[in-house]
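Novice: test case, fold it:
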Amino acid sequence: MPLYRDSGVVLRTHKLGEADRIITVLTRGRGKIRTVAKGVRRTKSKFGARLEPGMHVDLQCYEGRNLDTVTQTESIDAWGDVIARDYARWTAATAILETADRLTEEHEPALQQYHLLAGALRSLAQGDHAAELVLDAYLLRSLAVAGWAPSFHDCARCGDEGPHRAFHVASGGVVCRSCRVPGANAPAPETLTLLASLLAGDWVVADASLDRHRREGSGLTAAFLQWHLERGVLSLRHVDRTQPQRTG
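Specialist: Predicted structure coming up:
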C-alpha cells in the first residue's frame, strides 16, 4: 500500500469497533480525508491525545480501498488542548470545525480553507481576539472562499454603490432601495461596518466594536451561513454570546 505524509487539522472523530476511531482531517495537500487510527482508544495508544478535534498534526498514512490508515502522527500545534480549557473558545472552535467539515469535500484540495481553519484555531488558542469575533470572521471568510462572499457596502443585486442599510440574506448582502425586498433587515450601520471589517481582517475596527453590534452581526452571519448550507450548523447553538469576552 502506498504511504504518504501530510499536515492537517482534525475535524471530528467517530468510534470504530472496540478500540479504533475514524478520524476526519482537513489536510494541506489532499483536502479532507478519513483515516482509521487503530487502537487509539486504548490507554497505551501510541497516538495518545494527538488525534482529537482541533489538533494540528503531521500524519503518515497508507492508502486503503475505503479508508486510509494512520501509521504515525506528530503534534504540530496542540490547539485543541488549549482551547478546551475555556468554554467560549471551545464552543466557537466546535462551530468552526463543523463548518470546515461542511464546506469541504473528501479528496478535493482546499488549501485556502485549510489556512483559514488553522488561522482561526491559532487565534482562539492565543486569545488574540474575542472568541465570537474569531468565529464570525472565520464563517464570513470561509463562505467567501466557497464562492458566497457577502456584500456589506454595495448593493448585492444591482451593484449600486453604497453604503446601503437594508440586508437580505437571499440576495447576498446589503441591497439598495430599488432592490429591497420584503423580509430584508435593517441592521445598525455599525453592525455592517463590523461585519465588513471581519471579512477584510481589519481587527482594529472589529476589536473596538460594541457588544450589541457583535450580537446583531452574529445573527446575520449565522443566517447567511444557514442559507447557503441549507441547514444550520448545530454547534452554533452552544456558542456563548451572553457575556462580553476578553482577549488575552
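Novice: hmm, who's touching the longest strand along the chain?
Specialist: Using DSSP state E to define each element, the chain has its longest strand at strand 3-16. Contacts of strand 3-16 with the rest of the structure, by CB atoms under 8 Å, 6 or more residues apart in numbering, involve 21-30, 32-33, 36, 41, 51-63, 71, 76, 80, 97-98, 100-101, 114, 117-118, 121. For every residue, glycine as well, the C-beta is placed using N, CA and C.
Novice: which ones are touching residue 141?
Specialist: Going by CB under 8 Å, 6+ apart, residue 141 touches 116, 198-199, 201.
Novice: try it again at 6 Å.
Specialist: Contact analysis of residue 141 by CB atoms under 6 Å, 6 or more residues apart in numbering lists residue 116.
Novice: could you check how far it is from residue 47?
Specialist: Taken as CB to CB, to the nearest Å, the spacing of residue 141 relative to residue 47 amounts to 31 Å.
Novice: which secondary element of the chain has the worst mean pLDDT?
Specialist: Ranking every helix and strand in the chain by mean pLDDT, DSSP states H and E puts helix 79-83 at the bottom, with a mean of 86.
Novice: check the offset of it from the chain's centre.
Specialist: 15 Å (CA atoms, centre = their mean, to the nearest Å).
Novice: who does that helix touch, helix- and strand-wise?
Specialist: Contact here means 3 or more CB pairs under 6 Å, 6 or more residues apart in numbering; DSSP states H and E; on that basis helix 79-83 packs against helix 87-103, helix 111-126.
Novice: wait, which of those helices is closest to residue 236?
Specialist: Distance to residue 236, taken as CB to CB, is lowest for helix 87-103 among those, at 5.0 Å.
Novice: quick check, pLDDT for residue 240.
Specialist: Looking at residue 240, its pLDDT is 61.
Novice: typed the wrong thing, it's residue 60
Specialist: Residue 60 is given a pLDDT of 92.
Novice: which helix or which strand is home to it?
Specialist: When secondary structure is defined by DSSP states H and E, residue 60 falls within strand 56-62.
Novice: adding mean pLDDT, write the helices and strands packed on helix 79-83 out as CSV.
Specialist: Converted to CSV, the helices and strands packed on helix 79-83 look like this (pLDDT from 0 to 100):
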stretch, mean pLDDT
helix 87-103, 95
helix 111-126, 96
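Novice: buried deepest among those, which one?
Specialist: Across the helices and strands packed on helix 79-83, averaging neighbours per residue (mean count of other CB atoms under 10 Å) puts helix 87-103 on top, at a mean of 22.
Novice: which residues does that one contact?
Specialist: Applying CB under 6 Å, 6+ apart, the contact partners of helix 87-103 are 11, 26, 53-54, 83-84, 117, 120, 124, 131, 135, 138, 142, 146, 229, 233, 235-236, 238-240, 245.
Novice: list the ones among these that fall in strands.
Specialist: Within these, membership in strands is found for 11, 26, as judged by DSSP E.
Novice: if any of the contacts of helix 87-103 are buried, give me the PyMOL selection for them.
Specialist: To isolate the buried subset of those in PyMOL, counting by 16 or more other CB atoms under 10 Å, use the following:
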select buried, resi 11+26+53+54+83+84+117+120+124+131+135+138+142+146+233+235+236+239+245
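Novice: check the closest residue to residue 228 other than its chain neighbours and give its pLDDT.
Specialist: Spatial nearest neighbour of residue 228, chain neighbours left out: residue 148 (4.8 Å); criterion: CB to CB, 6 or more residues apart in numbering. At residue 148 the predicted local distance difference test score is 95.
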